[in-house]
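Visitor: predicted coordinates and the sequence they were generated for:
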Amino acid sequence: MRILLPTIAAAALAAFSGTALAQTQADAYYPPEEMAAARAALHHATGGARHLFFRTDRFEIRQQRDDEEALLWDIDAWYGGAINRVWLKSEAEYSFDHDEFEELDVQVLYSRAVSPFFNLQTGIRHDFEPETGRTHAVLGLQGEAPYWFEIDAALFLSDEGELTGVLETEYELRLTQRLILQPRAELTWSAEAIPELGVGSGFGTIETGLRLRYEIRRQFAPYAGVEWSRQLGDTGDFARAAGGRTDNTALVAGLRVWF
């Protein structure tokens with residue numbers, strides 16, 4: 001043991017000093033411009049490269065309790081490096097019964113890493129409803145909380161001066177190498193009542209869901225599940241006044257794809 005400990009310490013010191021010595025010796029033998037190019041190539045290969053990413057997190061058919069069917073998508077894409085990225089996000093719900101989009105929005109965002117786990121995002125969002133469409137300024141935070149909960153929180157300030165917000169969280173529970181159970185929750189909020197949108201002040205809608213997917217390939221996974229939603233407070237009052245339901249349960253089946 002007395003011999004082993006000094007040997008390990010000496011080996012670690014030699015490895016560390018050897019790396020520094022190799023860098024010094026390379027600088028001594030190669031021209032500065034070649035060393036600068038080599039370091040730039042190393043930086044590019046270990047984090048400076050730009051990439052394109054696309055994902056349909058949810059692309060699903062919903063069979064609701066009142067037998068209404070709808071198509072929902074939740075799509076995002078980004079281009080950039082480890083620090084700076086441009087994001088495109090879109091969510092929509094199309095009603096087959098009414099033959100129209102009940103919701104459709106697109107966001108274009110600039111994202112910057114503010115920690116190893118979180119990105120600050122800012123940009124614009126536009127809602128494409130024919131009569132009540134609005135354009136919003138966006139400020140959001142997206143990333144992974146402790147224990148690998150995915151968080152996506154955002155505030156929206158519309159061109160009508162209305163302040164709203166949304167918080168989404170997901171978690172992936174890997175049952176096997178290819179079978180994943182994904183709980184999901186979403187909560188909306190508004191600083192004021194917006195009667196033409198059926199939105200009350202305070203917390204508006206809560207959604208919770210559970211989806212089980214099978215990854216045929218890592219990038220291609222069909223899934224099935226169930227989602228429950230409820231309109232809260234003043235938002236629920238607006239729904240009841242319009243003759244609608246304040247809660248709903250839907251069976252879902254869809255496809256998750258990324259590349």
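Guide: Received, thanks.
Visitor: give me the buried positions along stretch 154-169.
Guide: By neighbour count, and taking 16 or more other CB atoms under 10 Å as the criterion, the buried residues in stretch 154-169 are Ala154, Leu155, Phe156, Leu157, Ser158, Glu162, Thr164, Gly165, Val166, Glu168. Bear in mind the C-beta positions are built from the backbone N, C-alpha and C, glycine included.
Visitor: if the closest residue to the first one other than its chain neighbours is in a bridge, with which residues?
Guide: Spelled out, that is Ala154. Once flanking residues are discounted, Ala154 sits nearest to Gly140: 3.4 Å by CB to CB, 6 or more residues apart in numbering. Going by DSSP bridges, Gly140 is paired in beta bridges with Gln121, Ala154.
Visitor: now do Ala221
Guide: Arg256.
Visitor: count of neighbours near it?
Guide: Around Ala221 there are 19 other residues, counting by other CB atoms under 10 Å.
Visitor: one step back: got a list of what the residue nearest to Ala154 touches?
Guide: Contacts for Gly140 were tallied using CB atoms under 8 Å, 6 or more residues apart in numbering; they are Leu109, Leu120, Gln121, Thr122, Asp152, Ala153, Ala154, Leu155.
Visitor: which among these count as buried?
Guide: Listed as buried from the contacts of Gly140 are Leu109, Leu120, Gln121, Asp152, Ala153, Ala154, Leu155; burial here means 16+ other CB under 10 Å.
Visitor: relative to Trp78, which of the residues you listed is nearest.
Guide: When these are compared for distance to Trp78, the smallest value, 8.7 Å, is given by Leu109; criterion: CB to CB.
Visitor: now do that closest one against Ile206, distance only.
Guide: Counting by CB to CB, to the nearest Å, the separation of Leu109 from Ile206 is 24 Å.
Visitor: do Asp66 as well
Guide: If you measure Asp66 against Ile206 using CB to CB, the figure is 19 Å.
Visitor: what's near enough to touch the closest residue to Pro195 other than its chain neighbours?
Guide: The spatially closest residue to Pro195, leaving aside those adjacent along the chain, is Phe238, at 7.0 Å (CB to CB, 6+ apart). Under the criterion of CB under 8 Å, 6+ apart, the contact partners of Phe238 comprise Pro195, Gly198, Val199, Gly200, Gln231.
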